[in-house]
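Novice: make a model of this:
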Amino acid sequence: MSTPTTRPGTSQRRVAFATVIGTTIEWYDFFIYATAAGLIFAHLFFEPAGAQIGLLLSFASVGISFLFRPLGAFLAGHYGDKIGRRAMLVLTLALMGASTTLIGVLPTYATAGVLAPILLLLLRIIQGISAGGEWGGAVLMAVEHAPKGRRARAGAYPQLGVPLGMLLASGMMALMTGVISPGEQFLAWGWRVPFLLSFVLIVVGYFIRRSVDESPVFEEIAQKKAQTRVPIVVLFKKHWLLVLIAALIFAGNNAAGYMTTGGFLQAYMTDPAGPVGFTRTEVLLAVSFGAVMWFAFTLLSGVVADRIGRKRTYQIGFISQLLCIFPLFWLVNTASLPLLYVAFALFAIGLGFSYGPQAALYSELFPASVRFSGVSISYAFGAILGGAFAPMIATALVQATGGTTAVGWYLFALTAVSLAAVSMVRDRSGIDLGIGNQAEQEVGALVFDKRSAAQPVPQDAL
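Specialist: Predicted coordinates:
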């Protein structure tokens, strides 16, 4: 077996900084859209459909992008396993930034008619392709650079991009709605500013990511000329069940997280005809607080996962999520602003502990030769099963039942499935991730896989 050379501390800190900054920018772009979809896009782009159908269409546009995540995962996984992790990270960042900036200059339905929502959907699809390729590269750069005993902590850094992106997106929207362009000014022009800001962020992220060394695992693969010819084919031929279970692990966390990151709660709590009736700025500030708490528990979960294992940390997270789903909605429906903050703080515990260990868990499940493809595609499929249409489904359930109880049961069921799925994998903390250890990596990832690594993997399987 061989272990890739561990990078010195300075390089590892640079990698951590680059993955946090890059994923934060990516998810800021992604969440700015979802926040706007919950607050204003129904009016600006889907107004002829009416208030309720327009909101459903707005949330459907959020979900459509998830259907294209697998395409981004396939492309980034294929080339990431063949030409390297870093090149894909730079490309996905540029693609996301360009599409987000262009949304900021789109005409609305009042100006361009049906062409406006069509262009909006096309740019949202490009965002989905970019997001599908982004995550796998970021987590592999973080985890494959890290020493064995700190992989979960290192893998938690790119995960921090989600709460940080949410914090940045909500903070920018709150600034625009509450200070710079309140009221009608926000609808007229203020909503465009957070999208246009993406251009500046993308330039910063580009230069930061270009400064990072390639993953030592991929350098070893390239040096030994051990790249897989068609990684996707090998992945689904040999590891299709592992991909499915890994996707189900992510589904529960993603669906629950998208109650806020997907814009559902923002729309529900600011609906003038609804039972809560908060202002946009009040909700955005509360969501920003929730993002800070999510950040803290995600970071903590990385430390915990290095001490007690990824699987146990996940199980703690999902059990916490199960316990907090219904209290979340009960507290929201009190229409009390202090209790809303309590609700988001409690819910962040489960979200953080079932998201922080994901990078390390996924990286240790898949063999080196198809690892980029495996983690990217599992993540993309999990996002489709979980968060893709969660805001639209939750909105439809509220419209059909008049309350949030059905939404709670929907999230409870998905979380229970994810808890069962993570219980089916083995904790492989500390496994050698190098290409020389491919034989051990190929077997034993699932608890019912009793195969051993006694025989090396044939070269023609690569």
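
Novice: pLDDT below threshold where in this protein?
Specialist: Within the chain, the stretches with pLDDT under 70 are 1-11, 84, 221-222, 224-228, 453-462.

Novice: what residue lies at the spatial centre of it?
Specialist: residue 162 (6.2 Å; Cα atoms, centre = their mean).

Novice: that one and residue 299 touch, don't they?
Specialist: No - with contact defined as Cβ atoms under 8 Å, residue 162 does not reach residue 299; the gap is 11.8 Å. Placement of C-beta: from N, CA and C, glycine included.

Novice: and the host helix or strand of residue 141, what's buried?
Specialist: Using DSSP states H and E, residue 141 falls within helix 115-145. For helix 115-145, burial by neighbour count (16 or more other Cβ atoms under 10 Å) applies to 116-117, 119-120, 123-145.

Novice: the stretch 151-300 of the chain: helices as residue ranges?
Specialist: 151-159, 161-175, 184-185, 192-210, 216-223, 231-261, 264-270, 280-308 (DSSP state H, counting those that start in this stretch).

Novice: okay, those helices, which one's buried deepest?
Specialist: helix 151-159 (a mean of 28; mean count of other Cβ atoms under 10 Å).

Novice: for residue 375, what are its contacts?
Specialist: Contacts for residue 375 (Cβ atoms under 8 Å, 6 or more residues apart in numbering) come out as 135-136, 139-140, 246, 359, 362-363, 366.

Novice: and of the residues you listed, the nearest to residue 394?
Specialist: Using Cβ to Cβ, residue 135 is the member of those that lies nearest residue 394, at 23.4 Å.

Novice: show me what contacts the closest one?
Specialist: Residue 135 neighbours (Cβ under 8 Å, 6+ apart): 23, 158, 375-376, 379.

Novice: ok, residue 423 next?
Specialist: Residues near residue 423 by Cβ under 8 Å, 6+ apart: 311, 315, 447.

Novice: that one and residue 161, how far apart?
Specialist: 27 Å (Cβ to Cβ, to the nearest Å).

Novice: residue 133 too?
Specialist: Residue 133 is 14 Å from residue 161, by Cβ to Cβ.

Novice: check residue 405 too.
Specialist: For residue 405, the distance to residue 161 - Cβ to Cβ - is 33 Å.

Novice: and residue 446, its phi and psi?
Specialist: phi -100, psi 150 (degrees, to the nearest 10).

Novice: swap in residue 425?
Specialist: Residue 425 has phi and psi values of phi -100, psi 160 when expressed as degrees, to the nearest 10.

Novice: who's in contact with it?
Specialist: Neighbours of residue 425 in contact, by Cβ under 8 Å, 6+ apart: 245-246, 249, 311, 361, 365, 445-447.

Novice: for residue 95, same thing?
Specialist: By Cβ under 8 Å, 6+ apart, the neighbours of residue 95 are 126, 129-130.

Novice: just residue 233 next, same as before
Specialist: Contacts of residue 233 by Cβ under 8 Å, 6+ apart: none found.

Novice: which of the contacts of residue 375 sits closest to residue 180?
Specialist: When the contacts of residue 375 are compared for distance to residue 180 (Cβ to Cβ), residue 135 comes out closest, at 31.8 Å.

Novice: for residue 315, see how far away the closest one is.
Specialist: The spacing between residue 135 and residue 315, counted by Cβ to Cβ, is 22 Å.

Novice: doesn't residue 146 make contact with residue 155?
Specialist: Yes - using Cβ under 8 Å, residue 155 is in contact with residue 146, at 7.4 Å.

Novice: count the neighbours of residue 212 for me.
Specialist: By the criterion of other Cβ atoms under 10 Å, residue 212 has 21 neighbours.

Novice: roughly how far apart are it and residue 137?
Specialist: 11 Å.

Novice: could you do residue 283 as well?
Specialist: Using Cβ to Cβ, one obtains 33 Å as the distance from residue 283 to residue 137.

Novice: same deal with residue 81?
Specialist: 11 Å.

Novice: between the two, what contacts are shared?
Specialist: Shared contacts of residue 81 and residue 137, defined by Cβ under 8 Å, 6+ apart, are found at residue 372.

Novice: what about residue 87, neighbour count?
Specialist: Neighbours of residue 87 (other Cβ under 10 Å): 15.

Novice: cool, and the one 3 residues further on?
Specialist: Applying the criterion other Cβ under 10 Å, we find 17 residues in the vicinity of residue 90.

Novice: helix or strand for it, which one?
Specialist: Assessed by DSSP H and E, residue 90 sits inside helix 85-103.

Novice: state the distance from residue 43 to residue 35.
Specialist: Distance from residue 43 to residue 35, by Cβ to Cβ: 14 Å.

Novice: those two: who's more crowded?
Specialist: Remark: of residue 43 and residue 35, residue 35 carries more neighbours, 30 against 16, as counted by other Cβ under 10 Å.

Novice: what residues sit buried inside the helix or strand where that one lies?
Specialist: Element membership for residue 35, per DSSP H and E: helix 9-36. Across helix 9-36, burial judged by 16+ other Cβ under 10 Å covers 12, 14-16, 18-36.

Novice: can you name the element that comes right after it?
Specialist: Next along the chain from helix 9-36, counting by DSSP H and E, comes helix 42-45.

Novice: now do the same contact list for the closest residue to residue 31 other than its chain neighbours.
Specialist: Closest residue to residue 31 in three dimensions, ignoring its sequence neighbours and counting by Cβ to Cβ, 6 or more residues apart in numbering: residue 169, at 4.0 Å. Residues in contact with residue 169, defined by Cβ under 8 Å, 6+ apart, are 27-28, 31-32, 35, 194.

Novice: go with 10 Å
Specialist: 24, 27-36, 194, 261, 284, 287-288, 291 (Cβ atoms under 10 Å, 6 or more residues apart in numbering).

Novice: residue 327 - how many residues pack around it?
Specialist: With other Cβ under 10 Å as criterion, residue 327 counts 15.

Novice: gap between it and residue 200?
Specialist: Noted for residue 327: a distance of 39 Å to residue 200, by Cβ to Cβ.

Novice: equivalent analysis for residue 315, please.
Specialist: Distance from residue 315 to residue 200, by Cβ to Cβ: 41 Å.

Novice: does residue 341 touch residue 328 like I think?
Specialist: No - if you go by Cβ atoms under 10 Å, residue 341 and residue 328 don't touch, sitting 12.0 Å apart.

Novice: residue contacts, residue 306?
Specialist: Applying Cβ under 10 Å, 6+ apart, the residues contacting residue 306 are 146, 148-156, 313, 357, 360, 429-430.

Novice: same thing with residue 36?
Specialist: With Cβ under 10 Å, 6+ apart, residue 36 has these contacts: 42, 44-45, 58, 62, 103, 169, 173, 191-192, 194-195, 263, 266.

Novice: could you redo the last one with a cut-off of 7 Å?
Specialist: residue 191 (Cβ atoms under 7 Å, 6 or more residues apart in numbering).

Novice: isn't residue 327 up against residue 344?
Specialist: No - Residue 327 sits out of contact with residue 344 when judged by Cβ atoms under 7 Å, with a separation of 11.2 Å.
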